[in-house]
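> Just a sequence and a predicted model for now, questions to come.
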Amino acid sequence: MMDWTGGDAIRRLKVQNWSLKFEQRVPIFALPSVRSLAQKVAQNAQNYNFRLLKENGLVPANLPHQNVAGTFKLANNETGGVTITAMPRLLVKPTRYFIFLDDVFIKDVVANPKGGLHFAFNRILMAKWPKKLVLSITCDKGALYSEETGNEEQAFDNDVGTDEGRVQIPEGSFVNKKGMLISCLSQNQGWQDLVLAAHDEARELFARHFNYDIFLIYGTLLGLVRSGEFIAHDDDLDTAYFSRETTPEAVGDEASEIAARLREAGKTVRLAPAKAPKLLHYVNKNTKIDIFPSWHDGKQFFAPNTTCITAGPDLILPLRTADFQGHQVLIPNRTEEFLEKKYGKTWRTPDPGYRVQSPSAATKAVLGRLLLKKV
């Protein structure tokens, strides 16, 4: 934090970065120099949180730590949990944020398109942690200051917390994008067996009743190609089918009919998300898989909720067979090209904090026309 004290002629600048402190005396009239000095000192500092992030490969080893990158604030949310928002300073645009509670690294979150942060911790997770907590946030442009306290930390009361214990993320677990604590899928063999069994059943039903093959897509496909395993920080199994329809309206009508026929056959199928359903949740033994309708309009490949790729249908068809955890699955024809177009040239490098980028206005307009009718 920065603490201004002293007499008429000299002010004392104190820059504290979690566990390290740096002090320098500067003339009171040299305010621009003070700012420059504060930045220089902080850039050269190896503060505790940044060191931890670097040692774990979460930020580049040569990443500088500037003095102030922006501000943050927190508030209780309607679930009983806590919502954190952060705003960068003018001309500063972070690409990712790192959230700490009591100096324990909790979550890596990619910034939104404007460089800000909005993240909510679920009540169930907050109930596992102490009643008294200290929040600090840093980003790839430096530290952030609390709007309430004016420094890099903010103590707050966790209304649903416990009287005992401490902040911790158990080994083999992580905080997902919904602010909940879940087990890493790559280490949860029971979940893998159930979800792959659900995949096998859904694949057979789609082929028999609708003459469609479902194939792996998104994070599940990414994990298969990278390592042959689920991505540890994913929380579902993603599949899609390639519709014979070519407009979002027709694709939506067809998907609604598919859901209705599956329910008539006694299967549990849900539409999600509730406000604008664009995919199916196929449920088997309390385990669900995501099934996305996808299509090609003659120029581009579309799939909810953000995918628009300029390529021919042969980007996907004909589907290829692959082995995934002992199960036969289908994958896009030009798999690596699909992943690069979807996730960029660095898709081979794992990124726990990855956040899907918002599509263009034109893509949103097309995908917004795909609606599934409640059945």
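Here it is on my side, so go on.
> ok, now how distant is Lys107 from Pro318?
The span separating Lys107 from Pro318 equals 40 Å under the rule C-beta to C-beta, to the nearest Å. C-betas here are computed from N, CA, C, even on glycine.
> buried set for the longest helix seen in the chain?
Ranked by residue count, the top helix of the chain under DSSP state H comes out as helix 189-210. In terms of neighbour count (16 or more other C-beta atoms under 10 Å), helix 189-210 has its buried residues at 191-192, 194-196, 198-199, 202-203, 205-206, 210.
> mind listing the helices in the stretch 1-150 of the chain by residue range?
Using DSSP state H, counting those that start in this stretch, the helices assigned to the stretch 1-150 of the chain run over residues 31-44, 48-55, 123-126.
> swap in the stretch 151-300 of the chain?
For the stretch 151-300 of the chain, helices defined by DSSP H, counting those that start in this stretch occupy the ranges 189-210, 218-227, 248-264.
> Tell me which of those helices sits nearest to Lys114.
If you check each of the helices of the stretch 151-300 of the chain against Lys114 by C-beta to C-beta, helix 218-227 wins as the nearest, at 24.5 Å.
> Just give the closest residue to Leu372, not the sequence neighbours.
Spatially, and ignoring its direct neighbours in sequence, Leu372 is nearest to Pro277 (4.4 Å; C-beta to C-beta, 6 or more residues apart in numbering).
> Note down every partner strand of the longest strand along the chain and its orientation.
With DSSP state E setting the assignment, residue counts place strand 287-296 as the longest strand in the chain. Sheet pairing for strand 287-296, assigned by DSSP bridges, gives strand 238-242 (parallel), strand 279-284 (antiparallel), strand 300-303 (antiparallel).
> CA-only coordinates of the shortest one in PDB, if you can.
It stands for strand 300-303. Provided in PDB are the C-alpha atoms of strand 300-303 (Å, rounded to 0.1, in the frame of the first residue of the first chain):
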ATOM      1  CA  GLN A 300     -19.500 -20.400 -42.100                       C
ATOM      2  CA  PHE A 301     -19.800 -23.000 -39.400                       C
ATOM      3  CA  PHE A 302     -21.900 -22.000 -36.400                       C
ATOM      4  CA  ALA A 303     -22.400 -23.500 -32.900                       C
END
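> what's next to that strand, contact-wise?
Contacts made with strand 300-303 from outside it, assessed by C-beta atoms under 8 Å, 6 or more residues apart in numbering, are listed as 217, 240, 248, 292-296, 307-311, 313, 315-316, 363, 366-367.
> what packs against the very next helix or strand once past that strand?
Sequence-wise, the next helix or strand downstream of strand 300-303 (DSSP states H and E) is strand 307-310. Using 3 or more C-beta pairs under 8 Å, 6 or more residues apart in numbering; DSSP states H and E as the contact criterion, the neighbours of strand 307-310 among helices and strands are strand 300-303, helix 335-343, helix 361-367.
> Go through those and find the least confident stretch.
Taking the mean pLDDT of each of the helices and strands packed on strand 307-310, the lowest value is held by helix 361-367, a mean of 91.
> which helices and strands does the longest helix of the chain pack with?
For helix 189-210, the packing partners by 3+ C-beta pairs under 8 Å, 6+ apart are strand 214-216, strand 238-242, helix 248-264, strand 279-284, strand 287-296, strand 327-331.
> How far does it sit from its chain's centre?
26 Å (C-alpha atoms, centre = their mean, to the nearest Å).
> hmm, back to that, buried only: go through the contacts of strand 300-303 for me.
Burial by neighbour count, judged by 16+ other C-beta under 10 Å, picks out 217, 240, 248, 292-296, 307-309, 315-316, 363, 366-367 from the contacts of strand 300-303.
> Which of those residues sits closest to Asn122?
If you rank these by distance to Asn122 using C-beta to C-beta, Phe292 comes first, at 24.9 Å.
> and the closest residue to the closest one other than its chain neighbours, what does it touch?
If the residues on either side of it in the chain are set aside, Phe292 comes closest to Ala240, at 4.1 Å by C-beta to C-beta, 6+ apart. Listed by C-beta under 8 Å, 6+ apart, the contact partners of Ala240 are 214-215, 217, 291-294, 303.
> So what pairs up with Ala240 in the strands?
Per DSSP bridges, residues listed as beta-bridge partners of Ala240: Phe215, Phe292.
> quick revisit: need the contact partners of the longest helix of the chain.
Helix 189-210 is touched from outside by 183, 185, 212-214, 230, 236-237, 239, 241, 258, 261-262, 265, 267, 282-289, 291, 324-325, 327, 329-330, with contacts defined as C-beta under 8 Å, 6+ apart.
> In ChimeraX, how would I select the buried members of these?
This is the ChimeraX syntax for the buried subset of those, where burial follows 16+ other C-beta under 10 Å:
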select :185,212,213,214,230,236,237,239,241,258,262,282,284,287,288,289,291,324,329,330
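> Can you give me the domain assignment for the protein?
For the chain, the domain assignment from automatic domain parsing gives the residue ranges 10-54, 70-183, 185-367.
> That concludes my questions; thank you for your assistance.
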